[in-house]
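A.B. asks: I would like to see how this sequence folds:
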Amino acid sequence: MKGLGFPWTIRTRLSLLYAGAFFAASVVLIVSIYLFLGQVLEQQFMIRTAPGLPPLEASPDELSQGRRIIEVMIRRARVDTLQTMLIVSGIIAVVMTAIAGLIGWLVAGQALRPLRDITATARRVADRSLHERIALSGPHDEIKDLADTLDAMLDRLDRSFDSQRRFIANASHELRTPLTIARTLIEVALLDRDADERTRQLGTTLLAVNQRHEKLTDGLLTLASSEQRSADFAAVDLAQIASHVATEMRPLAERTGVVLETDLEAGVILGDAFLLERLIQNLIENGIQYNRPDNGWVHVRTVAAAGSVELVVENSGPLIASHEVAGLFEPFRRLASTERLAGAPRGSSVRGAGLGLSIVRSVALAHGGEVKATPRDNGGLVLRVRIPAAP
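C.D. replies: I've put the predicted structure just below:
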């Protein structure tokens, strides 16, 4: 919460609350003293003319006039005394209110220190792993109850994510093995010279379907694993990974007639090399496949900015409306305008499962980054992945 550019934190609000309460109490005290002092002065300075006190030679008119002069002086002295009291009390109240606000700031900071520790630990857990705990020490109060509750929740989450990781590892093996066996059997059947044309055509179709299922399974497993924040992130150079992936993707670009260019600037980030490689591979592969049939191009560059490293993959291709861009990152979503693959007449590409950009977004989020897509005026997309640089 911010007002007029000032951060209205809980500590600030508590300090203002303390200062405001002290100021209100000071005002009540000053008003009470003012009224009481007024009554006291009225009684203390009241003049009662006693018989025999005035000079014997004074006339009644002179006595009356002297009494009025004394009463005026007394009222003026009373007013001056009360005004002086108000001014001095007001200055003291303002100074003491400022001191009360400072004391409230220090007290609030001391009282909120456990909450800051809880927040810092929760942030580290969110960015790194679920193995760390708050383990707050101190008296058994509301804040310690909150910390213990969060620790119990982290325990459950840690067990849940461990179970999910084990499931992903087992599913990866159980799903890939039968598909690999089926692909091998189909390829062996196609090597049979005695097979007729119809059998070969059926085998080719089954091989394409099996290959599509392999890509779908691999994409789903990568998507699931990328949603887990890894505790083993290491310092990697995004430019080196992009260069390696671009080298592997050049044969596909050449087969489809797409020019693949790179402009890579070194940028070190903390991440998982396998997931980052898959992110870049999906972006380049999409850029190559969903391109113009002729004279297409894909440009890959990395830029090291202040505190982050940006990967930009830009490609030519069909026109894409701005309102359709958000749907590109949804699983199993394709745009009608991108059905035709570059080089499709040559049969060099296998149709994807619609998970490419979903995996890209998931991997970017797992690394604390973000991904944005912008359609080009002449057709195609500009995809920007920004990931925080390594400290």
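A.B. asks: tell me the spacing between E330 and A364.
C.D. replies: Counting by Cβ to Cβ, to the nearest Å, the gap from E330 to A364 is 15 Å. Placement of C-beta: from N, CA and C, glycine included.
A.B. asks: of these two, who's got more company?
C.D. replies: When neighbours are counted by other Cβ atoms under 10 Å, E330 and A364 differ, and A364 comes out ahead with 23 against 13.
A.B. asks: spatially nearest residue to that one, not counting backbone neighbours?
C.D. replies: Nearest non-adjacent residue to A364, counting by Cβ to Cβ, 6 or more residues apart in numbering: V371, 4.5 Å away.
A.B. asks: the one you found is in contact with S358, isn't it?
C.D. replies: No. V371 lies out of contact with S358 (Cβ atoms under 8 Å); the separation is 10.5 Å.
A.B. asks: can you list residues touching both of the two?
C.D. replies: The contact sets of V371 and S358 overlap at F329 (Cβ atoms under 8 Å, 6 or more residues apart in numbering).
A.B. asks: what's around P293, how many residues?
C.D. replies: Applying other Cβ under 10 Å, I find that P293 has 15 neighbouring residues.
A.B. asks: give me the three-state assignment for it.
C.D. replies: The three-state label given to P293 by DSSP: H, G, I helix; E, B strand; the rest coil is coil.
A.B. asks: distance between stretch 363-376 and the chain's centre?
C.D. replies: From the chain centre to the centre of stretch 363-376 is a distance of 14 Å (Cα atoms, centre = their mean, to the nearest Å).
A.B. asks: give the buried residues for that stretch.
C.D. replies: For stretch 363-376, a neighbour-count test (16 or more other Cβ atoms under 10 Å) marks V363, A364, A366, H367, G368, G369, V371, A373, P375 as buried.
A.B. asks: in terms of secondary structure, what does the strand or helix carrying I69 contact?
C.D. replies: Assigned by DSSP states H and E, I69 falls within helix 60-127. In terms of contacts (3 or more Cβ pairs under 8 Å, 6 or more residues apart in numbering; DSSP states H and E), helix 60-127 is packed against helix 10-44, helix 142-190.
A.B. asks: distance of K144 from S137?
C.D. replies: Counting by Cβ to Cβ, the gap from K144 to S137 is 8 Å.
A.B. asks: what do you get for R255?
C.D. replies: 64 Å.
A.B. asks: which of those two has more neighbours?
C.D. replies: Between R255 and S137, counting by other Cβ under 10 Å, R255 is the more crowded of the two (15 against 9).
A.B. asks: the more buried one: what secondary structure?
C.D. replies: At R255, secondary structure determined by three-state DSSP is helix.
A.B. asks: check G138 too.
C.D. replies: G138 ends up coil, using three-state DSSP.
A.B. asks: run through the residues that contact it.
C.D. replies: G138 neighbours (Cβ under 8 Å, 6+ apart): P114, K144.
A.B. asks: list the contacts for Q281?
C.D. replies: V245, E248, M249.
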